[in-house]
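*Asks:* Coordinates for the following, if possible.
(one chain, ligands or ions: 1)
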Amino acid sequence: MAYYRAVGDVPPKRHTQHRRSDGGLYAEELMGEEGFSSDSALLYHRGNPSAIVDSRPWDLPDLTTVPNHPLKPRHLRLHDLFPGEEWKAADVVTGRRLVLGNADVRISYVVAGEASPHYRNAVGDECVYVESGAAVVETVFGPLAARQGDYVVLPRATVHRWLPSGEEPLRAYVIEANSHITPPKRYLSRYGQFLEHAPYCERDLTAPSEPALVDGRDVEVWTKHRGRGPAGLAGSVVVYPTHPFDVVGWDGCLYPYTFNVADFEPITGRVHQPPPVHQVFEAGNFVICNFVPRKVDYHPLAVPVPYYHSNVDSDEVMFYCGGDYEARQGSGITPGSISLHPGGHSHGPQPGAVERSLGKDYFDELAVMVDTFRPLDLGEGGVACDDGAYAWTWSGRGPEPR
Ligand SMILES: [Fe+2]
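*Replies:* Numbering: from 1, shown residues only. The predicted structure follows:
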């Protein structure tokens, strides 16, 4: 995110003495990507960011996966994962249920009512899409408000915690990268400014505007890091003698931010526009797109729903989070559903959807799509909410009894 911001109290020159009112020095920390060779931020701490007093194991939620074999497109009903009042005791960090994953990305779902512990994902950036509900995300850079439709982008290693707010459950669709999640390079000038053709720009991004200063002693930070467990991960609870939210000021181009899906300006055309026009973010070996309510194709003979397509290099994961998804009518898919269309399966509209779409000029649909360039496996949550029948919805029948 090459967009400079400064918040709170920073000295006029970097790497120079920055003193508290009692004369003591603040501790300057550079949080930087790709060593010292990409975006970074300088944070000024009251305490010592290296000081820890304990580290003990954290058993991560179940991250085991099974392959999508025999190969099938799938319909996963995420809302079934948190029945009844279960959500009231769950939090956004420890309550995640792994739905799909591979060596590049893990997609989880959680419905939460409780505050999460302080958390640091040291493996990659997180992009959390708020399906519904609201929260305050307290971060070492300062607090962020999150509401329905927000993507909350949290750079790798950002200490933060989720505090659901309001009466409604917080429904979160969590995309964890093993890399960085950024706006697509083609949206940016060579110096990093959003270009005129991009469907969103700097004004649509919200970052912390004031520092977070919290007093505290022996604060646990639940840290997800590279290790020998499932998915090559492990967890540790690291204890800091002073509160990690002790930053009086920071500046730079690396920080958490939110972007609301309602601020995505759809690109439309006379005939069907391909999914790359719907792209929001890119990351290592996957992309994130969204399909928002929009005017649809206006050629007099246009077919507004997508043509059948075999995106041979990708597995395609669509999360339906609002409206009525035109191409999937008759498949059982509703808000809260995921469709997984794996590489090797040519997919497209359900029977009758093409004819029904003719002459329509507006689609009231909202979906978040993740396309991965390596095949996705099913996590325990994905297996638990698989409807088992989606694969046969185009033909109208499943296998004959043997
Ligand atoms: Fe597709």
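*Asks:* C-alpha only now, for contacts and for neighbours.
*Replies:* Fine.
*Asks:* I'd guessed N260 sits against V153; true?
*Replies:* No - under the criterion of Cα atoms under 8 Å, N260 makes no contact with V153, lying 11.0 Å away.
*Asks:* Who has more neighbours out of these two?
*Replies:* Residue environment comparison for N260 versus V153 gives the larger neighbour count to V153, 22 against 19, counting by other Cα atoms under 10 Å.
*Asks:* and that one, how far is that from F281?
*Replies:* Counting by Cα to Cα, to the nearest Å, the gap between V153 and F281 amounts to 10 Å.
*Asks:* joint contacts of the two?
*Replies:* Taking Cα atoms under 8 Å, 6 or more residues apart in numbering as the contact rule, the neighbours common to V153 and F281 are I181.
*Asks:* Remind me which helix or strand the residue lying closest to V368 once chain neighbours are set aside belongs to.
*Replies:* Setting aside the residues directly before and after it, V368 is nearest to N290 in space (Cα to Cα, 6 or more residues apart in numbering), at 4.4 Å. Using DSSP states H and E, the element containing N290 is strand 286-291.
*Asks:* tell me the mean pLDDT over whatever helix or strand comes next after that strand?
*Replies:* Next in sequence after strand 286-291, counting helices and strands by DSSP H and E, comes strand 294-295. Model confidence over strand 294-295 averages 94 on the pLDDT scale.
*Asks:* Please state the backbone phi and psi of F363?
*Replies:* Backbone dihedrals for F363, given as degrees, to the nearest 10, come out at phi -110, psi 120.
*Asks:* Now do it against I52, distance only.
*Replies:* F363 sits 53 Å away from I52, taking Cα to Cα as the criterion.
*Asks:* quick one: which of those two has more around it?
*Replies:* Ranked by neighbour count (other Cα under 10 Å), F363 and I52 place F363 first, with 19 against 15.
*Asks:* what pairs with that one across the strands?
*Replies:* R294 (DSSP bridges).
*Asks:* That one contacts E326, correct?
*Replies:* Yes - between F363 and E326 there is a contact under Cα under 8 Å: 7.1 Å.
*Asks:* Pretty sure A145 sits in a helix.
*Replies:* No - the assignment for A145 (DSSP: H, G, I helix; E, B strand; the rest coil) gives strand, which keeps it out of a helix.
*Asks:* For it, which residues are in contact?
*Replies:* Residues counted as contacts of A145 (Cα under 8 Å, 6+ apart) are A134, A135, V136, V137.
*Asks:* burial count for the first one?
*Replies:* Residue crowding around A134 was assessed by other Cα under 10 Å; the count is 24.
*Asks:* show me the contacts for the most centrally placed residue in the chain.
*Replies:* A centroid search over the chain (Cα atoms, centre = their mean) returns C127, at 2.3 Å, as the residue closest to the centre. The neighbourhood of C127, defined by Cα under 8 Å, 6+ apart, consists of Y151, V152, V153, L154, V174, I175, E176, I181.
*Asks:* and the gap between it and V238?
*Replies:* Using Cα to Cα, we find C127 at a distance of 23 Å from V238.
*Asks:* same check, this time on V128
*Replies:* Counting by Cα to Cα, the gap from V128 to V238 is 23 Å.
*Asks:* More neighbours: those two, which one.
*Replies:* Neighbour comparison, V128 and V238: the larger count goes to V128, with 24 against 20 (by other Cα under 10 Å).
*Asks:* what about the closest residue to that one other than its chain neighbours, how many residues close to it?
*Replies:* In space, and not counting its chain neighbours, V128 is closest to V174: 4.5 Å by Cα to Cα, 6+ apart. A total of 24 residues lie near V174 under the criterion other Cα under 10 Å.
*Asks:* pLDDT score assigned to V174?
*Replies:* Turning to V174, the model gives it a pLDDT of 98.
*Asks:* Report pLDDT for the nearest residue to G330 once chain neighbours are set aside.
*Replies:* Spatially, and ignoring its direct neighbours in sequence, G330 is nearest to Q350 (6.7 Å; Cα to Cα, 6+ apart). The pLDDT attached to Q350 in the predicted structure is 89.
*Asks:* Do I have it right that Q350 meets E326?
*Replies:* No - contact status for Q350 versus E326: not in contact, 9.3 Å apart, counting by Cα under 8 Å.
*Asks:* quick one: contacts for the residue nearest to V368?
*Replies:* Contacts were defined as Cα under 8 Å, 6+ apart; by that measure N290 touches V261, H278, Q279, V280, L366, A367, V368, M369.
*Asks:* got a winner among the residues you listed for most neighbours?
*Replies:* The member of the contacts of N290 surrounded by the most neighbours (other Cα under 10 Å) is V280, with 25 neighbours in all.
*Asks:* any idea whether that residue is helix, strand or coil?
*Replies:* With three-state DSSP as the criterion, V280 was assigned strand.
*Asks:* List the beta-bridge partners for the closest residue to it other than its chain neighbours.
*Replies:* Excluding its sequence neighbours, the residue lying closest to V280 (Cα to Cα, 6+ apart) is C289, at 5.0 Å. Under DSSP bridges, the beta-bridge partners of C289 are Q279, M369.
*Asks:* what's the burial count for the closest residue to G232 other than its chain neighbours?
*Replies:* Closest residue in space to G232, ignoring its immediate chain neighbours: R226 at 6.0 Å, by Cα to Cα, 6+ apart. The criterion is other Cα under 10 Å. On that basis, R226 has 16 neighbouring residues.
*Asks:* confidence score at R226?
*Replies:* 96.
*Asks:* repeat for the one 3 residues further on
*Replies:* At G229, the model reports a pLDDT of 90.
*Asks:* how about the contacts of N290 in CSV, adding pLDDT?
*Replies:* Output for these, formatted as CSV (pLDDT from 0 to 100):
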residue, pLDDT
V261, 98
H278, 97
Q279, 98
V280, 98
L366, 96
A367, 97
V368, 98
M369, 98
